[in-house]
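In: Just to be clear, the model below is a prediction. Sequence and coordinates:
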Amino acid sequence: MDQGQLLSYLSFRSVEFVREGRRILDGVTFGVERGETLVLLGRSGSGKTTALRLINRMLQSTGGSIWLDGQDISRMDPIQLRRSIGYVIQDFGLLPHWTVEENVSLVPRLQAWPTEKQRRRTQELLEQVGLSSENLGLRSPHELSGGQKQRVAVARALAADPKLLLFDEPFGALDPVTRHEMQQQFLDLRRKYNLASVFVTHDLLEALLIGTRIAVLNAGKVEAIVTPDEFRHLDTPVARSFLETLPPALINQQDAVRP
Ligand SMILES: Nc1ncnc2c1ncn2[C@@H]1O[C@H](COP(=O)(O)OP(=O)(O)O)[C@@H](O)[C@H]1O
Ligand SMILES: [Mg+2]
């Protein structure tokens with residue numbers, strides 16, 4: 001049988017991760033298509049970051065399989081795999097001694113793109129994330145605000161035409177207005193590049209806004225995978241505890257928080 005026919009663009013099939021005898025992820029199965037964002041929603045320690053780190057092979061799963069674009073990632077070269085994935089984390093992960101432009105062009109440079117193509121791509125992306133008019137290209141990361149740093153991190157994640165974006169609580173530390181701008185920008189970028197993405201958050205409003213579907217993680221297991229509209233009727237333990245954090249008016253007017 002051709003397994004490809006059963007696979008989504010990104011597929012988790014019964015993925016397990018056991019460390020020191022502890023089952024940190026247990027039978028996790030989901031699929032993400034191009035243009036889709038699967039939000040992983042769960043409390044701290046539920047295994048969200050572990051799931052992302054398995055995708056770029058910073059960690060190795062101990063059971064099941066993960067497929068990207070028809071390939072079993074355990075058979076891919078980990079370096080090539082990582083370069084094909086844009087990864088954005090809460091504390092930016094920028095290289096402190098490099099300029100903004102050098103940070104953004106990291107992967108194109110590693111892939112030895114022609115210099116002129118690197119330069120054009122870097123300028124295009126800085127414009128895309130709303131930084132071009134500010135002339136920040138030659139600054140160091142420590143000379144930027146938190147919001148600007150995260151824009152640079154997003155530009156870097158997009159630089160080498162990635163197959164997939166992984167965002168791990170990327171906007172959690174930003175002020176609410178900047179966070180809102182970054183969320184809208186994420187939606188624009190998803191539309192423009194038709195990218196598949198996995199987006200980790202423990203913020204329910206963010207999950208409802210960003211996710212095309214939401215996977216609820218509870219102690220390493222997927223409790224449910226639903227659309228944002230279905231989420232408000234979900235009766236699983238973790239979904240209920242998240243819903244209880246919202247004012248009732250917001251739950252009933254959920255469409256008001258969606259784009
Ligand atoms: N390097 C590690 N060694 C041992 N246990 C870890 C390690 N990293 C994470 N864990 C454990 O794995 C579980 C899931 O962690 P994590 O994936 O970081 O959760 P989340 O991102 O949802 O907060 C937690 O119980 C955590 O303590
Ligand atoms: Mg985490």
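Out: Sure, I can see it. Ligands and ions are numbered 1, 2, ... in the order given.
In: Going by C-alpha atoms from here, please, whenever you check contacts or count neighbours.
Out: Fine.
In: which bits of this protein sit near ligand 1?
Out: Taking Cα under 6 Å from any ligand atom as the criterion, the chain approaches ligand 1 at residues 24, 43, 44, 45, 46, 47, 48, 49, 50.
In: For ChimeraX, write the selection for the buried entries among those residues.
Out: Burial among those is assessed by 16 or more other Cα atoms under 10 Å; the matching ChimeraX selection reads:
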select :24,43,46,47,48,49,50
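In: mind giving me a markdown table with the residues of the chain next to ligand 1 and columns for pLDDT and secondary structure?
Out: Output for the residues of the chain next to ligand 1, formatted as a markdown table (pLDDT from 0 to 100; DSSP: H, G, I helix; E, B strand; the rest coil):
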| residue | pLDDT | secondary structure |
| --- | --- | --- |
| 24 | 98 | strand |
| 43 | 95 | coil |
| 44 | 95 | coil |
| 45 | 96 | coil |
| 46 | 96 | coil |
| 47 | 97 | coil |
| 48 | 97 | helix |
| 49 | 97 | helix |
| 50 | 98 | helix |
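In: which one of the residues of the chain next to ligand 1 is nearest residue 57?
Out: The shortest approach to residue 57 among the residues of the chain next to ligand 1 belongs to residue 50, at 10.1 Å (Cα to Cα).
In: Give me the residue ranges of this structure where confidence is low.
Out: Applying pLDDT under 70 to the chain flags the ranges 1-5, 250-259.
In: mind running it again at 50?
Out: Applying pLDDT under 50 to the chain flags residues 1-2.
In: can you give me the strands in it?
Out: Listed from the start of the chain, the chain has strands (DSSP state E) covering 10-19, 22-32, 37-42, 63-68, 71-72, 85-89, 164-168, 196-201, 213-218, 221-226.
In: how about the ones you listed, which one is nearest residue 174?
Out: Counting by Cα to Cα, residue 174 lies closest to strand 85-89 out of the strands of the chain; the figure is 12.2 Å.
In: Sheet partners, orientation included, of that closest one?
Out: Neighbouring strands of strand 85-89 in its sheet, by DSSP bridges, are strand 164-168 (parallel).
In: what's the partner strand in contact with?
Out: Residues outside strand 164-168 that contact it (Cα atoms under 8 Å, 6 or more residues apart in numbering) are 49, 52, 84-90, 157, 195-201.
In: circling back to that earlier point, what's the most buried one of the strands of the chain?
Out: Scoring the strands of the chain by mean neighbour count under mean count of other Cα atoms under 10 Å gives strand 37-42 as the most buried, with a mean of 27.
In: how distant is that one from the center of its chain?
Out: Relative to the centre of its chain, strand 37-42 is centred 9 Å away, using Cα atoms, centre = their mean, to the nearest Å.
In: Show me what that strand is packed up against.
Out: Packed against strand 37-42 by the contact rule (3 or more Cα pairs under 8 Å, 6 or more residues apart in numbering; DSSP states H and E) you find helix 48-55, strand 196-201, helix 204-210, strand 213-218.
In: could those be laid out in TSV, adding distance to residue 106?
Out: What follows is the helices and strands packed on strand 37-42, written out as TSV (distance: least, Cα to Cα, whole Å):
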stretch	distance to residue 106
helix 48-55	20
strand 196-201	21
helix 204-210	27
strand 213-218	31
